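J.: sequence and computational prediction follow.
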Amino acid sequence: MNDKGLEKDIQEGEGFADKTGENLSAPEQILTKNTEIVDNVAEKIKELVQNYSNEQKQIEIEIKKKEYEQDLEQIRTEHKQEMERMRAEIELKSVEVETKKDAHLRLMAEYDNYQKRTIREKADLIRNGGEKIFIGLLPIIDDFERALKTIEEVKEVDTIKEGIGLIYRKFLSFLQKNGIKAIDSVGEKFEADLFEAVATVPAESEEQKGKIIDNLQTGYTLNDKVIRHAKVIVAN
């Protein structure tokens, strides 16, 4: 139903009213016809209103639909951007993990090589640790060999004593260079960390009590660590 149809019905109603005005002897027919026309016009108006309302609703629905589609497109775009960002971040993290893994493997390999090298060096040290000392002893052995030959040829005891004393002092010097020192004992106060008392004798004076009066066997230290206690006699 459109506006033109409604206008036509109204015009027909008006024409019919004019005609019936000439024939006033039929009021019931006029009333019935007018009622039908009014009802018809009212129905058409109602239909127009309903159609307008439906069109308005359809327009609103279309508007809402477009808004929803725009919102959905924006959500899809944001989701896509977020996924791309997360993918890039995951790739970056993967690169970092691989880098750290490679560094860890290199470090483990270096540590393994270090352990093997250390074990090898320790083994060499244990096997050849005394090499330097033995090399240093060789000249002293040479001196002893020469002294033994000299003893057979020389008749003077003083010369032999002097040669042996020289070798002895040379040997002590060699020991000191390698950290070995003799422990001074006679006249020193007795200390259990340095000395071993093998005998005690009565002290001749109050000052002599607790002191060492004789050394039976020299003690030695290696880098200040006692490697042999001196055997001594202590005054009581």
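T.: Okay, I see it.
J.: can you read off the pLDDT for K181?
T.: Note for K181: predicted pLDDT of 91.
J.: ignore what I typed, I meant D142.
T.: At D142, pLDDT is 86.
J.: so it, which state does it fall into?
T.: helix (DSSP: H, G, I helix; E, B strand; the rest coil).
J.: that one: neighbour count?
T.: Per other Cβ atoms under 10 Å, the neighbour tally for D142 reads 11. C-beta coordinates here come from the backbone N, C-alpha and C atoms, glycine included.
J.: for L107, see how far away the most centrally placed residue in the chain is.
T.: Compute the mean C-alpha point of the chain, and by Cα atoms, centre = their mean the closest residue is K100, 9.9 Å away. Distance, K100 to L107, using Cβ to Cβ, to the nearest Å: 10 Å.
J.: please apply the same query to A192.
T.: 50 Å.
J.: could you do D142 as well?
T.: Taking Cβ to Cβ, one finds D142 at 52 Å from L107.
J.: next one: I160, what pLDDT does it get?
T.: So I160 comes in at 80 (pLDDT).
J.: over to the one 3 residues further on?
T.: With respect to pLDDT, G163 scores 85.
J.: and the closest residue to D143 other than its chain neighbours, what pLDDT?
T.: Leaving aside its sequence neighbours, D143 sits nearest to I167 (Cβ to Cβ, 6 or more residues apart in numbering; 4.6 Å). Note for I167: predicted pLDDT of 89.
J.: for this structure, which segments count as strands?
T.: 180-182, 195-201, 212-217, 220-222, 225-228, 230-235 (DSSP state E).
J.: for E91, which of the ones you listed is the nearest?
T.: Nearest to E91 among those is strand 225-228 (61.4 Å), distances taken as Cβ to Cβ.
J.: which other helices and strands does the closest one contact?
T.: strand 220-222 (3 or more Cβ pairs under 8 Å, 6 or more residues apart in numbering; DSSP states H and E).
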